[in-house]
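J.: A predicted structure for the sequence below; I have some questions about it.
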Protein chains: 2
Amino acid sequence: MNEFELIRRYFSQQPVTRSDVLVGVGDDAAVMQLPGGMQLVTTSDVLVEGVHFPPETAPADIGYKSLAVNLSDLAAMGAEPAWFTLNLSLPEAAPEWLEGFCAGMFALAARYQVQLVGGDTVRGPLTIGVQAHGLVPAGGALLRSGAKAGDRVYLSGTLGDAGLGLRCLQGALPPGDDAGALIEKLNRPAPRVELGIALRGIASSAIDVSDGLVADLGHILRASGVGAWISLDRVPLSPAYRALFERAGGWTLALTNGDDYELCFTVPAGKEQDIARIQQQCFVGLSWIGEIVADAGLHVVAADGSDYAVPSVGHDHFATQ
Amino acid sequence: MNEFELIRRYFSQQPVTRSDVLVGVGDDAAVMQLPGGMQLVTTSDVLVEGVHFPPETAPADIGYKSLAVNLSDLAAMGAEPAWFTLNLSLPEAAPEWLEGFCAGMFALAARYQVQLVGGDTVRGPLTIGVQAHGLVPAGGALLRSGAKAGDRVYLSGTLGDAGLGLRCLQGALPPGDDAGALIEKLNRPAPRVELGIALRGIASSAIDVSDGLVADLGHILRASGVGAWISLDRVPLSPAYRALFERAGGWTLALTNGDDYELCFTVPAGKEQDIARIQQQCFVGLSWIGEIVADAGLHVVAADGSDYAVPSVGHDHFATQ
């Protein structure tokens, strides 16, 4: 099978056809119509075998997650996903691998009506780059820079489950009853797209937790020129995490492990009813974990009121190892 | 140096600041305003070390070419470049390499006022993915599918020089007086941005020659449901190529080697004056090399009127080797 046949066979049979795609896969570039008054939001993420997923990961999970992490970035901007492109570096044109990859990727694409509009396929080490594009009404994007002193800090879902899932895969934790759900959270994170859109006009800032809560909330604080405290006993943990709490090393994973793709966001005081409504509407738990303060720095407060010393600062690809 | 410092240091000091970029590098995604009535054109290309460039290639040349090949795709659509994102997989955070890479990339970005608005940086084998975004007036994009029987086939510049440059680098050709210019054409191809924009409303189809003339013109023919003949002695060769013609293996490189990034396009009869005007305006030679016909297939006609058998069908990453 040559390159062109490969591209045609797998990537021309996607489940989404949007009327605003004038030229999709197959020309030098894609052409998309834009609705009046909207702003374009664009993001990209790369997944490298052995760095972002273990070599034994199922192709369908790789396909799903490659798109999911980008939709998560769009969600953190409050954008509605529309189109994506795929840059695929493959050691060989393996049909079974591509079938699985496409199945996982297109299942998620169908759910959010996001259409593949182009990309590039080359021979090389297994590397997947996805670029996703979404739309927001002019001025409606949720930025990292809008947090103000007095805003409440919220978090969707629970933290640390993806990190526990990876440790289950690595054999560092027992493959108990919860292992399947934890590994599912690692391989198939749910991008909080509906939540991001619902937070337009409500949240003052937002970010997706891909590098760990401490690192990602830190990005909001720096971009906004503020500080925050969060209360350790308000950080939401799943029953599975609670059951493994001591063996998993306590709070560390929940505070510093990336890969959960929950949204961390700030909301001005007085919007509690909006948050309660959005929580019901989006079928996701929203936890109030702390507050923005004027002075720089992040304080994690333990149950006894003392400062909890956070062990590390999240994922860093180029940290000395 | 950690990942975040690396990104800040090298990619925050770009030379272009566009007023339509509302959020650039540094949030979950970028946000761009779009002018009324315009369509968004988006493309992406991946360059892998050892596949798309020899390991000894200068970082500045890699940076330049990573962006150039994407601007070439936008040019082939008639789009005006606006923004790009960069996905960079690096074995290590090497400051000298990054300095050179950014210098080459940003020099080209400055020339076309295209602004870096985001991306991702990971540790892994050296792989560069660039996604470029441009704008065309609604309906103005140059597609592959518009060629009609009777249209003339045109080509910008000359063909085969980049392929000769690679052979000079590999020591397969003598490092003569022309070697420098040929290697420059390989490492620093000029994206035909002004030409693509000028061809709006004139050309009936267009493609950039990245896989070789025969393969790329073949894409136009299939997309348009037509055929063509081209005349071998009208295919434009540089003086350097003519001087090395026999040692370079005759016509093969000119017809089948990619990497020249010239534009191949079709024009309805009667637009010769437009083409002459555009040639002067864009400072690039435009050669009439053949004609579109109704019957499928591409015929390369030798000087004596016989059919020239084309040796191969261009670059294919997954061809059996």
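T.: Yes, it's here. Since we're looking at a predicted model, the values are computed, not measured.

J.: Residue A:200 looks like it's in a strand, true?
T.: No - applying DSSP: H, G, I helix; E, B strand; the rest coil, one finds residue A:200 to be coil, outside a strand.

J.: ok, it - contacts?
T.: Neighbour list for residue A:200: A:78, A:136-137, A:140, A:142 [criterion: Cβ atoms under 8 Å, 6 or more residues apart in numbering or on different chains]. Backbone N, C-alpha and C define where each C-beta goes, glycine included.

J.: Now for those residues: which two are most distant?
T.: Greatest spatial distance among these (Cβ to Cβ): A:137 and A:142, at 12.0 Å.

J.: Comparing those two, which shows the higher neighbour count?
T.: Per other Cβ atoms under 10 Å in any protein chain shown, whichever of residue A:137 and residue A:142 has more neighbours is residue A:142, with 28 against 15.

J.: Just to check, the more buried one is in contact with residue A:195?
T.: No - between residue A:142 and residue A:195 there is no contact under Cβ atoms under 8 Å: 10.4 Å.

J.: Among the contacts of residue A:200, which lie within strands?
T.: A:136-137 (DSSP state E).

J.: which of the contacts of residue A:200 lies closest to chain B?
T.: Minimum distance to chain B across the contacts of residue A:200 is 7.0 Å, recorded for residue A:136 (Cβ to the nearest Cβ).

J.: Grab the nearest non-local neighbour of the closest one.
T.: Leaving aside its sequence neighbours, residue A:136 sits nearest to residue A:79 (Cβ to Cβ, 6 or more residues apart in numbering or on different chains; 4.9 Å).

J.: wait, the one you found sits on residue A:191?
T.: No - Residue A:79 is beyond contact range of residue A:191, at 11.1 Å (criterion: Cβ under 8 Å).

J.: Switch the contacts of residue A:200 over to a markdown table; also include pLDDT and distance to residue A:224.
T.: Formatted as a markdown table, those follow (pLDDT from 0 to 100; distance: Cβ to Cβ, whole Å):
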| residue | pLDDT | distance to residue A:224 |
| --- | --- | --- |
| A:78 | 96 | 16 |
| A:136 | 92 | 19 |
| A:137 | 91 | 22 |
| A:140 | 91 | 18 |
| A:142 | 95 | 12 |
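
J.: quick one: which of the contacts of residue A:200 is nearest residue A:31?
T.: residue A:136 (20.7 Å).

J.: List the contacts of the closest one.
T.: A:38-39, A:41, A:77-80, A:200, B:31.

J.: Include distance to residue B:211 when you put the residues you listed into TSV, please.
T.: Shown next, in TSV, are the contacts of residue A:136 (distance: Cβ to Cβ, whole Å):
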residue	distance to residue B:211
A:38	35
A:39	35
A:41	32
A:77	36
A:78	40
A:79	34
A:80	35
A:200	43
B:31	34
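
J.: Compare residue A:79 and residue A:191 (neighbour count), which wins?
T.: Per other Cβ under 10 Å, whichever of residue A:79 and residue A:191 has more neighbours is residue A:79, with 32 against 25.

J.: before we move on, back to that, so who does the residue nearest to residue A:136 touch?
T.: So residue A:79 contacts A:41, A:134-136, A:141, A:196-197, B:29 (Cβ under 8 Å, 6+ apart).

J.: May I ask which two of those residues are separated the most?
T.: Farthest pair in the contacts of residue A:79 (Cβ to Cβ) is A:197 and B:29. Separation: 13.8 Å.

J.: what about the two, which has more around it?
T.: Using other Cβ under 10 Å, the more surrounded residue of residue A:197 and residue B:29 is residue B:29, with 28 against 21.

J.: Check the burial of the closest residue to the more buried one other than its chain neighbours by counting its neighbours.
T.: Once flanking residues are discounted, residue B:29 sits nearest to residue A:43: 3.5 Å by Cβ to Cβ, 6+ apart. Other residues within reach of residue A:43, judged by other Cβ under 10 Å, total 28.

J.: Nice, that's everything, thank you.
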